[in-house]
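Trainee: dropping the sequence and predicted coords here.
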Amino acid sequence: MIDSVVEFLQGNFWALTALKLVAILGLIPVSGLAIGFAELKLSAKMQNRVGPYFAGGRWGWAQLLADGIKFIQKEDIIPADADRPVFRWAPALVMVSTVGLFVVIPFWDGGAVADLSIGIFYVLAISSISTIGILMAGWSSANKYSLMGGLRAAGQLIAYELPMVLAVIGVVIMAGTMSLSGIIKAQADFSLFGWSGFGDQPIANFISPFFILQFVGFLIFFISALAELSRIPFDMPIAESELVTGYLTEYSGFRFLFFFLAEFANMFTMSAIAATLFLGGYLGPFVNVVPWLGPLYLVTKIGVLCFLMIWFRWTFPRFREDQLQSVAWKVLVPLGLANIVVTAIFKVVM
Amino acid sequence: MTLEQDALKHFSEVSVALELQTPDMTLNIGPQHPSTHGVLRIVAQVDGERVTDVKPVIGYMHRGYEKIAEVRTYPQITALVNRIDWVSGFANEIPFMAATEKLMGIEVPERARYIRMILTEMARISSHLMFMASYPLELGATTPLMFALRERERILDLIESVTGGRFHPNFNRIGGVKPNAGAGPSQKKTVQDLPKGFLQATRDAMDELLSTCDQFDELVTGNEIFLARCKGVGIMPAALAADFGVSGPNLRASGVAFDLRTHTDYLPYDQVNFEVVTGTVGDSFDRWQVRLEEIRQAAYIVQQAVDQIPSGPLQAKVPKVIKVPKGEVYVRAENPKGEMGYYIVSEGGQGPYRLKIRSASYSNISVIPQLLEGVLVPDIIAIMGSFDFVLGDVDR
Amino acid sequence: MTTSPSDLPATDEASVELDAYAAAVADAVGALSWSTNFATVKVGVAPDAWVKSLRTAKTDLGLIFFSFLSAVHWTNKVEVGDPPAETVDERLEVLAAVGDLTEGRLVHFSTDLPIDGAALATLTGVYAGANWHEREAAEMFDIDFVGHPQLEKLYLPSEFEGHPLRKSFPLLSREVKPWPGMVDVEGMPDSAEASEESDGADAETLPSGVSTENPGR
């Protein structure tokens, strides 16, 4: 029975794609809610609070579901002076970028919706679309705080897109491919001066070689990801204490929910990309023996990275806009360039 | 049109075309804004994110206490002055009481003076802890808020156990403090003193508080991003501060070792040891540092006072109907926010002829426009927040 | 240790020292009068010499700290509160308190202005901090501070009429609305007796401080 279903799917491109799309569209809210809930509970832990408690009975697990239902029920308010079409489409555009990123993440060997040969290039391109959505939101709200928030987001994107690309180039040089699954395979088959770790042993892949060899790249990528996600310490586009809530100020109801969900789902995707590039993605001990461990490993790595992001959020203050820019241009870009040079020399020598 | 005029016109057109018109934007921060501590409104002219001109607008909370005081008796005014700086209600009562007592020539019993001192320092701690909570929040760090408020809750509980009020104790009486202080219903008739176990609970709370201060040093003061946001931001030279009447921790952060607790005798501060904390350059970081250190010093004062507190009556003998002799007096005190004083003009009645309330935050924020020119929008918040003002104290 | 009433003749050391200081300040600024009652140093100067005296105080006497500036409306015809015990000349007394930041000195400079067309040179050129205090005094007492850079209303709405801290300004809200404190607070012992003697019921329902002569206002 199952065999025949699998056979049918493998033989039918459209049915398979439809199934994958449904899975992705289900995964976005699930991942968003899971990370959002983790943030609620972890922040509570860090602040000696209890956090959500009543919704859903136990641990308040249904808190965000309840929030979501509340948002959907709310009146859809659009400011009188707003540029209505732009205001309406901005959240959708942010969501498009999120969906686009989910498409290329390999959850197991061959487990991506689309295994593009220029995967990482696609990721970098698609991930900046969300900033266009944010800029649209800030501009169309007819609110000075929103406008400043939107412009800050745009400035942030320009500043941090470059170090992120430079960090990725190091990995691409090491792997020799831009395909995400290719990069993972390169980490599995990696050999250093002829020594290939534990090779095909089950114990292999307990740590990705790129995490060690591209550690600088990993740091740059992670910091840039924080900036691109507008997480503290780089949350100036939102900056409650300065810009009220920046580009979100005029949004309410389900449009706000879109931004909210996209924020957490983007945390998931950016962590997934970072895990794929630097932490070996779905690789891990015994994964070549028991393949279904792959998604578990990936989710664990994503969880660790998301935890870091949440931890930062509840520990650090935020930078000033000009300090952010100087960190990007004076520290991260030169560091990224140096990383590329060193990586290239290393690759030739190796 | 002469050739010259023509050329001039052409020239001006060219120069207009070269200079792109970028009119400044007016950014209205407040009266409803997450970080104006109430209803302060800052009208800022901004060129991009750069501030070119700042105009603070106050008065949204003006309650006219100076006028109301003219139709109130002295004991009634105590309840009013509680509400001026509401995060340190108890400390507001002290200079008013001291001024009235000075006019009436009343000597306050030593025990009452000690109780006043303990509670004033607790009010200082709670006020500064409010700053410790709100300032990192304004810079984007949310967690210190919880640490500070948890500690503040302990202090407020202690104040409540003595006075029955957390924010507005209304506990001072002319000539001493309220008798039956903190006594439960069963003790109403007999005990006229601090509640049972208060002194020990205070000692414990101060120990906890000191360790929390160390936590703050680790969590916030040493944080690189925090330093980047505050160091060198909003530098206020001492001369500028004095010119505008900036007082309290804000003045001391500019390096002036001036503390009214060491200069006046409104409370027995000469019987405890404490340091007058000063900063060096007068930037936002110094203002943070001075307040954090002042919490420690206040805790030391409370520890000493709790050990030294003498026994004795809580109230001097005062007439049943309080009439204050004719005269003018100004008594000022070192409140958490700075110099708070009351200029009382008495004409021998039951209420003052005129009461001038000199509140600290009013003078403190009047200097802010001087510091905001040419800074970036985020710095408006970083500088304003570091002055630790309360709008009730500004508008009175 | 404890505060002593120093309106008595100066006997103890501190009062003598304070008197000497006040006399020195008065001498330096060419004051008309000085007093140290209740340890409050007050130096009276002529309106013409106002700015000059305070400039001397700042530059020569080291009184660099600007504490506050305010005014007192002296009159026997009051709408609120009790009138002064004795007959006084109707005038506005402007007070400016300046201090030093080393010894803890504070000197109150005072000057008397006529009630109509009260005007005084601004202190903003000497103490920049006088800006807001003068704006406040101007709106509350109707004093024109000549030369002030921006003499707009500070607290009150710009269309507000009247000068609330003048004694001729009634506490309108208390006359329009019943006094909330009337229900649960005993009246002042004295005023209750007084009102019984005069016109009983009407005066009793009036809040304290509202003139009984003209309750309908």
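Mentor: Perfect, thanks for sending it. Numbering: from 1, shown residues only, chains lettered A, B, ... in the order given.
Trainee: make it CA atoms for all contacts and neighbour counts henceforth
Mentor: Fine.
Trainee: so where is the chain shaky, pLDDT-wise?
Mentor: All of this is about chain A. Applying pLDDT under 70 to chain A flags residues A:1, A:193-206.
Trainee: that answer is for a different chain, and I need it for chain C
Mentor: C:1-11, C:173-217.
Trainee: and if you look at the stretch 51-200 of chain B?
Mentor: Ranges of the stretch 51-200 of chain B meeting pLDDT under 70: B:179-192.
Trainee: show me what contacts the closest residue to chain C within it?
Mentor: Taking C-alpha to the nearest C-alpha as the measure, the point where the stretch 51-200 of chain B comes nearest chain C is B:Gly59, at 4.0 Å. Taking C-alpha atoms under 8 Å, 6 or more residues apart in numbering or on different chains, we find B:Gly59 in contact with B:Leu40, B:Asp395, C:Leu154, C:Tyr155, C:Leu156.
Trainee: did I read that right, C:Ser70 in a strand?
Mentor: Yes - inclusion of C:Ser70 in a strand is indicated when DSSP: H, G, I helix; E, B strand; the rest coil is applied.
Trainee: for C:Val72, see how far away the closest residue to it other than its chain neighbours is.
Mentor: Leaving out its chain neighbours, the residue that sits closest to C:Ser70 by C-alpha to C-alpha, 6 or more residues apart in numbering or on different chains is C:Leu95, at 5.2 Å. According to C-alpha to C-alpha, to the nearest Å, C:Leu95 and C:Val72 sit 8 Å apart.
Trainee: now do C:Ala97
Mentor: Relative to C:Val72, C:Ala97 is positioned 14 Å away (C-alpha to C-alpha).
Trainee: check B:Ile159 too.
Mentor: Relative to C:Val72, B:Ile159 is positioned 36 Å away (C-alpha to C-alpha).
Trainee: for chain B, what's its nearest residue on the stretch 201-350 of chain A.
Mentor: As assessed by C-alpha to the nearest C-alpha, chain B sits closest to A:Pro317 within the stretch 201-350 of chain A, at 4.1 Å.
Trainee: wait, that residue sits on B:Pro136?
Mentor: Yes - between A:Pro317 and B:Pro136 there is a contact at 6.7 Å, judged by C-alpha atoms under 8 Å.
Trainee: so who does the closest residue to A:Met164 other than its chain neighbours touch?
Mentor: Nearest non-adjacent residue to A:Met164, counting by C-alpha to C-alpha, 6+ apart: A:Phe221, 5.1 Å away. Neighbouring residues of A:Phe221 by C-alpha under 8 Å, 6+ apart: A:Pro163, A:Met164, A:Ala167, A:Val168, A:Ala274.
Trainee: quick check on the first one: phi, psi?
Mentor: Geometry field for A:Pro163 lists phi and psi as phi -60, psi -30, criterion degrees, to the nearest 10.
Trainee: my guess is it contacts A:Val331. True?
Mentor: No - with contact defined as C-alpha under 8 Å, A:Pro163 does not count as touching A:Val331 (9.4 Å).
Trainee: tell me which of those two has more neighbours.
Mentor: Shown here are A:Pro163 and A:Val331; by other C-alpha atoms under 10 Å in any protein chain shown, A:Pro163 has more neighbours (26 against 13).
Trainee: tell me the residue of the stretch 51-200 of chain A that sits nearest chain B?
Mentor: In the stretch 51-200 of chain A, the residue that lies nearest chain B is A:Lys144 (7.1 Å; C-alpha to the nearest C-alpha).
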